[in-house]
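# Sharing a sequence plus its predicted fold:
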Amino acid sequence: MDGEVRMKRLLLVAIPVALLVAQTGDPKGFAVWTAADIHGRAAQLATHLDAMKSASESLADYGHYRTMVAHREGSGGAELHEKWADLFVVEEGSAMLVVGGEIEGGKAVSPGEIRGTSISGGTRHALAKGDVVSIPANTPHQLLLDAGAKFTYFVVKVESR
């Protein structure tokens, strides 16, 4: 078999394989957020803080769960999500998480979302970089920060069934 025939046969096999590999790519819904990406987004969020010294950015919405990055430089109000559980990873900083108990001055701000000024009767948990937190749906929670503290966390919100 001469070189030209071998080359044609090789191309007949190689081209379809190359096209198959090129078309597969990552599966739908796959994502990677690097530590550098999260830190860069947090730095951007720090320039857009609201009155509560907090900002967040949605990263992806997959229907029954969604991801976001949040940054705060002040304590948050008490909150409760009737149909969404929170799972988050502390990326930077430290905070005190109050969970459980009763929300003081709680009011519905949108369907299934309750906000208030504080929590009475909850338990306190010190959080630091690398900690992972799971807050079930319908559970009061509040993040408290010391003056001058900064706190960044990656959040997965999961619809409760």
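Thanks, I have the structure now.
# now the strands for this structure?
For the chain, strands defined by DSSP state E occupy the ranges 54-61, 65-72, 78-81, 84-99, 102-104, 107-110, 113-116, 118-120, 123-128, 132-135, 141-144, 151-159.
# possible to save those as JSON lines with mean neighbour count and mean pLDDT?
Just so you know, the C-beta spots here come from the backbone N, C-alpha and C atoms, and that holds for glycine as well. What follows is the strands of the chain, written out as JSON lines (neighbours: other C-beta atoms under 10 Å; pLDDT from 0 to 100):
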{"stretch": "strand 54-61", "mean neighbour count": "15", "mean pLDDT": "95"}
{"stretch": "strand 65-72", "mean neighbour count": "20", "mean pLDDT": "97"}
{"stretch": "strand 78-81", "mean neighbour count": "21", "mean pLDDT": "97"}
{"stretch": "strand 84-99", "mean neighbour count": "18", "mean pLDDT": "97"}
{"stretch": "strand 102-104", "mean neighbour count": "17", "mean pLDDT": "97"}
{"stretch": "strand 107-110", "mean neighbour count": "10", "mean pLDDT": "96"}
{"stretch": "strand 113-116", "mean neighbour count": "17", "mean pLDDT": "97"}
{"stretch": "strand 118-120", "mean neighbour count": "18", "mean pLDDT": "97"}
{"stretch": "strand 123-128", "mean neighbour count": "12", "mean pLDDT": "98"}
{"stretch": "strand 132-135", "mean neighbour count": "15", "mean pLDDT": "98"}
{"stretch": "strand 141-144", "mean neighbour count": "22", "mean pLDDT": "98"}
{"stretch": "strand 151-159", "mean neighbour count": "20", "mean pLDDT": "97"}
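# now the ones you listed as a markdown table including distance to Gly29?
Shown next, in a markdown table, are the strands of the chain (distance: least, C-beta to C-beta, whole Å):
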| stretch | distance to Gly29 |
| --- | --- |
| strand 54-61 | 8 |
| strand 65-72 | 10 |
| strand 78-81 | 22 |
| strand 84-99 | 17 |
| strand 102-104 | 34 |
| strand 107-110 | 26 |
| strand 113-116 | 25 |
| strand 118-120 | 35 |
| strand 123-128 | 29 |
| strand 132-135 | 21 |
| strand 141-144 | 27 |
| strand 151-159 | 13 |
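# Between those strands, which one is closest to Gly25.
With respect to Gly25, and counting by C-beta to C-beta, the nearest of the strands of the chain is strand 54-61 at 16.6 Å.
# If you count contacts, what does the closest one end up packed against?
If you count contacts as 3 or more C-beta pairs under 8 Å, 6 or more residues apart in numbering; DSSP states H and E, strand 54-61 packs onto helix 35-45, strand 65-72.
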